[in-house]
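Chemist: sequence below, structure please.
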Amino acid sequence: MDELNPFFSKSMVLLAAITAISTIIIGTFLPTLILSGGIVEANSNSPEIVLASLGVQEAMTVRLEGFTKAIAQKQTDKEKRFTFAVTPEFQGKTLYEVALDESEKAIALTFDDGPWPIYTEQVLDILKEQDIKATFFLIGQHLKHHPAIAQKVVEAGHALGNHTWSHHYHNVPREIAAQEIEDTNALIYETTGFKTHWFRPPGGVLTNGLNDYAHSQNYAVAMWSSDARESFFSSSGALVNNVLNSAKPGGIVLLHDGGGDRTATVQALPIIITKLKERGYKFVTLPELLELYEQHQQTTIAENAPNPTPVPDGID
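Modeler: Prediction:
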């Protein structure tokens, strides 16, 4: 069984204690209430009427099952809340963008190779000032050395993705691919309390074994539709133009907050955001982008559904 979220294990212990106390109370007082007719006098719509019609043991069992289901539901809700999830359509798939139109001008900023001293925190400051959220793909080795920076990322409300442990490009066997991805995910969880089902292969290489493993485990492999191309251009103006020229609704923008000198990226980022806002864009995390896509698809289906043929008056 997976470990409980380390940030919330105390609450689960408390919940277990409450359950144990409730069990004692049920065992002590429920038979008396049933035998004395106290429950039978309850409102006819009350579930206690059902309990009263059962034997004492059966009634206790129903009560305990209810508590058990409540605990399980709380844990499920917690898992959803602290997981950067992927909608079923994109599990085990590679995506470069999603199909949105001009009526839903949403775009996702993504940052690779952190957490990294100086630059990740500068990026976080800009995003906070602009009041937008983004997605950060973390390298395991960097996370190991800079856990506090990663904690700041999630505390600010941004999403996390997996960018392997060591950022290798070369071909790897399945067991190494598993180690690269799962060790990083385990450390993300240990450090931040969050799980992620998002993966981005180093350099966007899809043929070295990492992508295949990620697909087999139902990760969404996130590529991009807009690339600032920081490795090729040192001018912040060039980075701005590279992003703006390829921006589109439902697009994914590739930027970097780590792995080297990201001064140009930090300089370009406020301009990119301002220009895209002027074009009417809003900024979302990758999980939010998929939610918007699903909503867009449902709306499109509803709008294109044929209207039922009206029945003339007098005809049944």
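Chemist: so where do the strands sit in the stretch 151-300 of the chain?
Modeler: 159-162, 195-196, 198-199, 220-222, 226-227, 252-256, 282-283 (DSSP state E, counting those that start in this stretch).
Chemist: mean confidence for the last one?
Modeler: Over the span of strand 282-283, the pLDDT mean works out to 98.
Chemist: check the fourth one too.
Modeler: Per-residue pLDDT values across strand 220-222 average out to 98.
Chemist: can you check the first one too?
Modeler: Averaging pLDDT along strand 159-162 gives 98.
Chemist: show me what it is packed against.
Modeler: If you count contacts as 3 or more Cβ pairs under 8 Å, 6 or more residues apart in numbering; DSSP states H and E, strand 159-162 packs onto strand 83-84, strand 135-138, helix 147-155, helix 174-192, strand 195-196, strand 198-199, helix 286-304. Bear in mind the C-beta positions are built from the backbone N, C-alpha and C, glycine included.
Chemist: same question for the third one.
Modeler: In terms of contacts (3+ Cβ pairs under 8 Å, 6+ apart), strand 198-199 is packed against strand 159-162, strand 220-222.
Chemist: now render those as JSON lines, adding mean neighbour count.
Modeler: Converted to JSON lines, the helices and strands packed on strand 198-199 look like this (neighbours: other Cβ atoms under 10 Å):
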{"stretch": "strand 159-162", "mean neighbour count": "27"}
{"stretch": "strand 220-222", "mean neighbour count": "25"}
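Chemist: export the ones you listed to TSV and append columns for distance to A106.
Modeler: Shown next, in TSV, are the helices and strands packed on strand 198-199 (distance: least, Cβ to Cβ, whole Å):
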stretch	distance to A106
strand 159-162	14
strand 220-222	15
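Chemist: count of residues packed around the residue lying closest to H215 once chain neighbours are set aside?
Modeler: Distances taken as Cβ to Cβ, 6 or more residues apart in numbering put G92 closest to H215, at 4.6 Å, once the chain neighbours are dropped. Here the number of neighbours of G92 (other Cβ atoms under 10 Å) works out to 15.
Chemist: distance of G92 relative to A214?
Modeler: As judged by Cβ to Cβ, to the nearest Å, G92 and A214 stand 8 Å apart.
Chemist: now do L255
Modeler: 21 Å.
Chemist: starting at the chain centroid, how far to stretch 165-177?
Modeler: 24 Å (Cα atoms, centre = their mean, to the nearest Å).
Chemist: so which bits of it are buried?
Modeler: W165, H167, H168, V172, I176, A177 (16 or more other Cβ atoms under 10 Å).
Chemist: out of these, which one has the lowest pLDDT?
Modeler: H168 (91).
Chemist: you'd agree it is up against E180?
Modeler: Yes: using Cβ atoms under 8 Å, H168 makes contact with E180 at a distance of 7.4 Å.
Chemist: and the pLDDT at A99?
Modeler: pLDDT, read off for A99, is 94.
Chemist: residues near it, how many?
Modeler: Count around A99 with other Cβ under 10 Å applied: 12.
Chemist: so what's it up against?
Modeler: G250, Y293, H296 (Cβ atoms under 8 Å, 6 or more residues apart in numbering).
Chemist: filter those residues to the buried ones?
Modeler: Judged by 16+ other Cβ under 10 Å, buried ones among those: G250, Y293, H296.
Chemist: just give me the closest of the residues you listed to Y219.
Modeler: Y293 (17.4 Å; Cβ to Cβ).
Chemist: name the nearest residue to the closest one, ignoring sequence neighbours.
Modeler: Going by Cβ to Cβ, 6+ apart, Y293 has V98 as its nearest residue, at 4.0 Å.
Chemist: good, we can wrap up now.
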